[in-house]
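Asks: can't give you the sequence, but here's the structure:
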């Protein structure tokens, strides 16, 4: 039996100030899978992510996370939707004046009534999940870029979300560090049942971690293809899909160099 759906995107127009950048998006994400959002420069990957996590409401359509609308419904429903997921941004977005433990502990301080000792214990456990417990007292400036990415994931996990959104997790990392981050994603998915939604342009990471993906297209302002990465690569449904996976530039279309 297929896993239940945790994210539903139905008839969504995404954009800003009434300007539609992505039109009529329809896709779903199943529990426990790693779902990747792909596309060339300016195709709307970041725009879609902002809509999925509730920073911007859809211009049309609905986005539901575990059945709760992220926008357009009562405030209580949006609040429930926001508690279903965590986000790790491309830069890490860690607070430089806080230690790693303090960074990871912050959501617990803001959104739970746990006593201080319990918050410290949970934060330490989350750092342990990403291999950073020995660095709990370090500041973000004291560690490498790859470790900052891991710390951001630990903070995103602090409230035990069902879904974790990752924005360009491999950006700026060397191949070895990037591969280690891929292994971490797979381990968290397989051992903790976390559903991942990842924005990336790294094809190596795509094939390492993704169960399914969508390919956004700037010219068409929507989804050009969706499915398993290997299937799209080996049996592309459109010449521009083949071009993307071969890192070619289709004449009159977007550049896949991102």
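Replies: Noted; the coordinates are in hand. Please read these numbers as outputs of a predicted model, since none were measured by experiment.
Asks: rest of the way, CA atoms for contacts and neighbours
Replies: Fine.
Asks: need the helices for the stretch 51-200 of the chain, in chain order.
Replies: Here the stretch 51-200 of the chain has its helices, by DSSP state H, counting those that start in this stretch, at 75-83, 100-111, 116-129, 145-156, 175-192.
Asks: and the third one with helix 145-156, angle?
Replies: In other words, helix 116-129. Comparing the axes of helix 116-129 and helix 145-156 via axes from the mean of the first three to the mean of the last three C-alpha atoms, to 10 degrees yields an angle of 140 degrees.
Asks: who does helix 116-129 touch, helix- and strand-wise?
Replies: When contacts are defined as 3 or more C-alpha pairs under 8 Å, 6 or more residues apart in numbering; DSSP states H and E, helix 116-129 packs onto helix 100-111, helix 145-156.
Asks: winner for burial among those helices?
Replies: Comparing the helices and strands packed on helix 116-129 by mean neighbour count (mean count of other C-alpha atoms under 10 Å), helix 145-156 ranks first with a mean of 24.
Asks: wait, which of the helices and strands packed on helix 116-129 is closest to residue 28?
Replies: Of all the helices and strands packed on helix 116-129, it is helix 145-156 that lies closest to residue 28, at 21.7 Å by C-alpha to C-alpha.
Asks: Pull the number of nearby residues for the nearest residue to residue 168 once chain neighbours are set aside.
Replies: Counting by C-alpha to C-alpha, 6 or more residues apart in numbering, residue 200 is the residue found nearest to residue 168 once chain neighbours are left out, at 4.7 Å. By other C-alpha atoms under 10 Å, 23 other residues sit near residue 200.
Asks: Then residue 6 would be within a helix, right?
Replies: No: read with DSSP: H, G, I helix; E, B strand; the rest coil, residue 6 is strand and lies in no helix.
Asks: so it makes contact with residue 69?
Replies: No: Residue 6 is beyond contact range of residue 69, at 11.5 Å (criterion: C-alpha atoms under 8 Å).
Asks: Compare those two and say which is more crowded by neighbours.
Replies: The neighbour count for residue 6 versus residue 69, taken as other C-alpha under 10 Å, is higher for residue 69 (24 against 20).
Asks: And that one, how far from residue 82?
Replies: Distance of residue 69 to residue 82, given as C-alpha to C-alpha, to the nearest Å: 9 Å.
Asks: ditto for residue 224
Replies: 28 Å.
Asks: where in the chain is pLDDT low?
Replies: 1-2, 248-258 (pLDDT under 70).
Asks: Show me the domain layout of it.
Replies: 1-84+163-258, 94-160 (automatic domain parsing).
Asks: May I have the secondary structure class of the residue lying closest to residue 230 once chain neighbours are set aside?
Replies: Excluding the flanking residues, the one nearest residue 230 by C-alpha to C-alpha, 6+ apart is residue 207, at 7.3 Å. Following three-state DSSP, the label given to residue 207 is helix.
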